[in-house]
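Q: sharing a model prediction with you, sequence too.
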Amino acid sequence: LFKPTLTTGDQVFRPTREGALSYFVGGNPKYPNDGGFALKGWRESKIENAAIFLHGETATTTGNVILTDKAGNVTKVDKTWTFLKDADGNLRIMAHHSSL
């Protein structure tokens, strides 16, 4: 489940890998408004967790992500992420919600 920060209209929620990947790298004609969030030239990112909840093989965090762009402008994003430890011990993102 993926609700990225800078999306609007009918494509706010991204339930597929294809939709999530398009948000980060753009270039997918199915998502014409995606410019590639990861390609914006971010200079720095910092995660500030306000709370972490651990339960079995899952962890949920809430807090902020502070992003600095190449011009030095700072954007503070509210976020909630849920992770799952899979059978191989890898952490997988189960849910991602972020907003300004």
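A: Here it is on my side, so go on. Numbering: from 1, shown residues only.
Q: all helices of this protein, in order?
A: Here the chain has its helices, by DSSP state H, at 17-25.
Q: could I get the average pLDDT for stretch 56-75?
A: Stretch 56-75 shows a mean pLDDT of 96.
Q: which residues sit against that stretch?
A: Outside stretch 56-75, the residues that touch it by CB atoms under 8 Å, 6 or more residues apart in numbering are 40-53, 76-85, 94, 98, 100. For every residue, glycine as well, the C-beta is placed using N, CA and C.
Q: ok, now with 10 Å
A: Under the contact criterion CB atoms under 10 Å, 6 or more residues apart in numbering, stretch 56-75 has outside partners 5-6, 37, 40-54, 76-87, 89, 91-92, 94-95, 97-98, 100.
Q: kindly export it (C-alpha atoms) in PDB.
A: The C-alpha coordinates for stretch 56-75 follow below in PDB (Å, rounded to 0.1, in the frame of the first residue of the first chain):
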ATOM      1  CA  GLY A  56       5.600  -9.800  16.000                       C
ATOM      2  CA  GLU A  57       7.100  -9.600  12.500                       C
ATOM      3  CA  THR A  58       5.900  -6.100  11.900                       C
ATOM      4  CA  ALA A  59       7.100  -2.600  12.800                       C
ATOM      5  CA  THR A  60       5.200   0.700  12.300                       C
ATOM      6  CA  THR A  61       6.900   4.100  12.500                       C
ATOM      7  CA  THR A  62       5.400   7.500  12.400                       C
ATOM      8  CA  GLY A  63       7.100  10.900  12.300                       C
ATOM      9  CA  ASN A  64       8.700  13.100   9.700                       C
ATOM     10  CA  VAL A  65      11.100  13.000   6.800                       C
ATOM     11  CA  ILE A  66      13.100  16.200   6.200                       C
ATOM     12  CA  LEU A  67      14.300  16.600   2.700                       C
ATOM     13  CA  THR A  68      16.800  19.200   1.400                       C
ATOM     14  CA  ASP A  69      16.900  19.900  -2.300                       C
ATOM     15  CA  LYS A  70      19.900  21.000  -4.400                       C
ATOM     16  CA  ALA A  71      19.000  24.600  -3.800                       C
ATOM     17  CA  GLY A  72      19.000  24.200  -0.100                       C
ATOM     18  CA  ASN A  73      15.200  24.400   0.300                       C
ATOM     19  CA  VAL A  74      13.900  22.200   3.100                       C
ATOM     20  CA  THR A  75      10.600  20.200   2.900                       C
END
